[in-house]
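> compute the structure for the input listed below.
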Amino acid sequence: MSATTEQIHSPAAIKRIPASVKIIAAILTPVILTVIAFYIYGLQIRNEERIYPNIFIAGIDVSGLTQYEALQSLGLPAYEERSANAKVMFTFPDDSNLVITGNDVKLQHNARDMINEAYSTGRGHGVFMDTISYLQRQNAEKKSFDIDFFLNTDMLNNAVGVFTDDYNSRLNASDPEIYEDRIVFTKGAGHVTADAPEISDLAYIGLFESLESGEPVEIIYTLPETNKFVTELLEIRDLIFVQMVSSEFDPETASASESAVGVNFDPMAAVELIKGTESGKTATFYLDFTNPEYHQEYLDSLLFRDLLGERTTWAHGNSNRLTNISLASEAINDHILLSGEEFSFNGVVGARTTERGYKIAPALSRDETIMSVGGGVCQVSSTIFAAIRTSDINVTDQRKHSKPVPYLPWGHDATVFYPWIDFKFENNTNYPMRLELELDERNLTVRVWGTIIDDFPREAGWND
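Residues are numbered from 1 along each chain as shown. Predicted structure coming up:
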């Protein structure tokens with residue numbers, strides 16, 4: 001039988017710690033203690049809730065400050081007051097004003113956001129990493145945050161839009177005022193407008209300038225220059241333009257035609273005047289009037305105003321002769337002779353025929369009295385000649401009878417015989433003439449009406 005031998009360890013051998021363990025323990029213990037101390041230090045930093053080193057906001061060192069302390073150091077209430085008091089004031093050409101303040105457009109700053117960002121710098125990655133970041137910031141370069149201001153652009157655009165809509169409406173309502181002698185033109189009315197986007201941009205810049213200076217910003221706003229008013233001036237000229245028309249004698253109505261005073265203005269002179277006028281202000285330019293040589297009323301007052309000649313003769317003879325005198329007189333009565341026109345007895349009276357109602361009556365032919373259709377009409381031509389013979393009316397064709405006639409002195413008569421012998425005279429005045437013939441029983445009266453200007457010559461005793 002074999003015997004089993006057991007090894008029995010002593011207590012001292014059982015408790016012995018390996019040397020390697022002791023070495024590791026000796027190394028780790030200070031590390032662990034350091035880590036613990038680092039962690040505790042990190043917790044302390046976190047709990048203090050202070051901004052890490054070398055951090056600036058708006059040029060102010062906020063290192064080691066709490067967020068509240070940073071707000072105080074930045075003077076945040078002063079920023080808020082400046083935001084509220086920022087103001088821009090527009091003056092428009094018609095002296096109306098637009099005022100916009102920081103409150104109107106919610107002008108604000110981001111200081112609190114920047115403080116939050118400054119506080120968050122180096123944080124948020126755990127205690128150890130945050131502590132390392134904190135230590136790194138001790139010797140790191142300066143980190144800066146700027147405070148920015150911003151406003152509600154929708155509110156700004158709305159405020160500007162409401163004003164400019166009203167302003168432009170008032171401008172557009174200021175149409176050029178046309179009076180009897182002048183035109184009052186509002187520069188900008190109806191063709192240029194206050195530019196809302198431009199004003200919004202100016203207001204935006206002005207508010208920030210006011211914020212920086214602490215003083216209101218004043219802006220003199222000028223309406224945009226444009227040459228569109230040239231087109232409008234031409235349209236106005238077309239509207240008011242009246243061509244000068246001098247009245248003339250109208251043969252169809254036997255009266256003066258309508259006249260018109262010319263109305264116009266010089267567009268180029270008006271353009272220069274308006275160019276020198278501020279937008280929104282008024283420019284006045286006067287109309288040019290051109291009077292016609294003859295106004296209708298004046299010419300009417302001249303027409304047939306003067307008696308150029310008159311003669312009455314007694315119509316002797318039988319009824320046939322009286323009928324012929326009456327027919328010829330009716331053909332000539334109210335005949336109008338224009339200036340420069342020639343009167344022809346045969347041309348106006350026409351052929352003396354039985355078909356036209358003329359009768360056979362005594363007529364003088366050479367030295368004999370014969371019976372002829374239309375006999376007696378020579379008394380009509382002779383009475384006309386007698387009426388004008390001593391005036392300065394130009395007689396162009398006249399022959400006296402071969403022997404004296406009983407109704408006029410010798411040589412005061414004018415014989416006619418269709419179509420070979422005629423009696424003619426010319427209207428050598430500047431105005432029309434009208435022949436008025438009246439047969440009252442046996443009295444034949446001829447009146448020649450016209451217009452005497454500058455004493456149209458007549459000899460003394462013209463009605464002899």
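> how many other residues sit next to residue 126?
10 (other C-beta atoms under 10 Å). The C-beta positions use only the backbone N, C-alpha and C, and glycine is treated the same way.
> now it: how far from residue 53?
19 Å (C-beta to C-beta, to the nearest Å).
> before we move on, what about residue 446?
Distance, residue 446 to residue 53, using C-beta to C-beta: 131 Å.
> of these two, who's got more company?
Here residue 446 and residue 53 are set side by side on neighbour count (other C-beta under 10 Å), and the busier one is residue 446, at 25 against 18.
> what about that one, which SS state?
In three-state terms, and counting by DSSP: H, G, I helix; E, B strand; the rest coil, residue 446 is strand.
> next one: it, what pLDDT does it get?
Taken from the predicted model, the pLDDT recorded for residue 446 is 97.
> how much space separates it from residue 180?
48 Å.
> now residue 291
15 Å.
> those two: who's more crowded?
Neighbour comparison, residue 291 and residue 180: the larger count goes to residue 291, with 12 against 7 (by other C-beta under 10 Å).
> so who does that one touch?
Residue 291 sits next to 244, 261-262 when contact means C-beta atoms under 8 Å, 6 or more residues apart in numbering.
> got phi/psi on it?
When read as degrees, to the nearest 10, the backbone of residue 291 gives phi -80, psi 140.
> work out for me the element the residue sitting nearest the centre point of the chain sits within.
By C-alpha atoms, centre = their mean, the mean C-alpha position of the chain lies nearest to residue 232, the distance being 3.7 Å. In this assignment (DSSP states H and E), residue 232 forms part of helix 228-240.
> report all helices and strands that that helix contacts.
Based on contacts counted as 3 or more C-beta pairs under 8 Å, 6 or more residues apart in numbering; DSSP states H and E, the elements that helix 228-240 packs against are strand 177-178, strand 182-186, strand 262-264, helix 267-275.
> deepest-packed of those, please.
Between the helices and strands packed on helix 228-240, strand 182-186 has the highest mean count of neighbours, a mean of 19, where neighbours are mean count of other C-beta atoms under 10 Å.
> which segments of this protein make up each domain?
Structural domains of the chain, as assigned by automatic domain parsing, span the residue ranges 230-298, 304-450.
> right, and residue 257 touches residue 247 too?
Yes: under the contact definition of C-beta atoms under 8 Å, residue 257 touches residue 247, with a separation of 5.4 Å.
> who's in contact with stretch 343-360?
319-321, 323-324, 327-328, 331-332, 335, 337, 371-375, 377, 380-381, 384, 414, 416, 418-419, 422-427, 435.
> so where do the strands sit in the stretch 1-150 of the chain?
Counting by DSSP state E, counting those that start in this stretch, the stretch 1-150 of the chain has these strands, from start to end: 55-57, 60-61, 87-91, 97-101, 108-109, 143-145, 149-150.
> pairing partners for the last one, with directions?
Here strand 149-150 has these sheet partners by DSSP bridges: strand 108-109 (antiparallel).
> how about residues contacting the partner strand?
79-80, 83, 147-151.
> try 7 Å
Strand 108-109 is contacted from outside by 79, 83, 147-150, using C-beta atoms under 7 Å, 6 or more residues apart in numbering.
> closest one of these to residue 216?
Within the set of these, residue 83 lies nearest residue 216; the separation is 13.9 Å, counting by C-beta to C-beta.
> pretty sure the closest one sits against residue 106.
No: Residue 83 sits out of contact with residue 106 when judged by C-beta atoms under 7 Å, with a separation of 9.0 Å.
> so how far is residue 213 from residue 221?
Distance from residue 221 to residue 213, counting by C-beta to C-beta: 20 Å.
> so which of those two has more stuff around it?
Neighbour totals were compared for residue 221 and residue 213, and residue 221 leads with 19 against 11 (other C-beta under 10 Å).
> tell me the contacts of the more buried one?
Neighbour list for residue 221: 90-92, 199 [criterion: C-beta under 7 Å, 6+ apart].
> for the helix or strand where residue 346 lies, list every residue counted as buried.
Take DSSP H and E as the rule and residue 346 turns out to sit in helix 345-349. Applying a neighbour-count criterion of 16 or more other C-beta atoms under 10 Å, one finds 345-346, 349 buried in helix 345-349.
> could you give the bridge partners of the closest residue to residue 240 other than its chain neighbours?
The spatial neighbour of residue 240 that comes closest, neighbours along the chain excluded (C-beta to C-beta, 6 or more residues apart in numbering), is residue 263 at 5.7 Å. Legend: beta-bridge partners of residue 263 under DSSP bridges are residue 242, residue 289.
> per-residue pLDDT of residue 263, please?
Residue 263 is given a pLDDT of 95.
> that one contacts residue 241, doesn't it?
Yes: with contacts counted by C-beta under 7 Å, residue 263 reaches residue 241, the gap being 6.4 Å.
> out of the contacts of stretch 343-360, which are inside helices?
Counting by DSSP state H, the members of the contacts of stretch 343-360 that fall within helices are 319-321, 323-324, 327-328, 331-332, 380-381, 384.
> would you reformat those as JSON lines and include neighbour count, distance to residue 141 and pLDDT?
Written out in JSON lines, the entries for these read as follows (neighbours: other C-beta atoms under 10 Å; distance: C-beta to C-beta, whole Å; pLDDT from 0 to 100):
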{"residue": "319", "neighbour count": "10", "distance to residue 141": "142", "pLDDT": "96"}
{"residue": "320", "neighbour count": "18", "distance to residue 141": "141", "pLDDT": "97"}
{"residue": "321", "neighbour count": "21", "distance to residue 141": "140", "pLDDT": "96"}
{"residue": "323", "neighbour count": "16", "distance to residue 141": "136", "pLDDT": "97"}
{"residue": "324", "neighbour count": "28", "distance to residue 141": "135", "pLDDT": "96"}
{"residue": "327", "neighbour count": "20", "distance to residue 141": "130", "pLDDT": "98"}
{"residue": "328", "neighbour count": "27", "distance to residue 141": "129", "pLDDT": "97"}
{"residue": "331", "neighbour count": "17", "distance to residue 141": "124", "pLDDT": "97"}
{"residue": "332", "neighbour count": "18", "distance to residue 141": "123", "pLDDT": "98"}
{"residue": "380", "neighbour count": "28", "distance to residue 141": "130", "pLDDT": "98"}
{"residue": "381", "neighbour count": "25", "distance to residue 141": "130", "pLDDT": "97"}
{"residue": "384", "neighbour count": "24", "distance to residue 141": "126", "pLDDT": "98"}
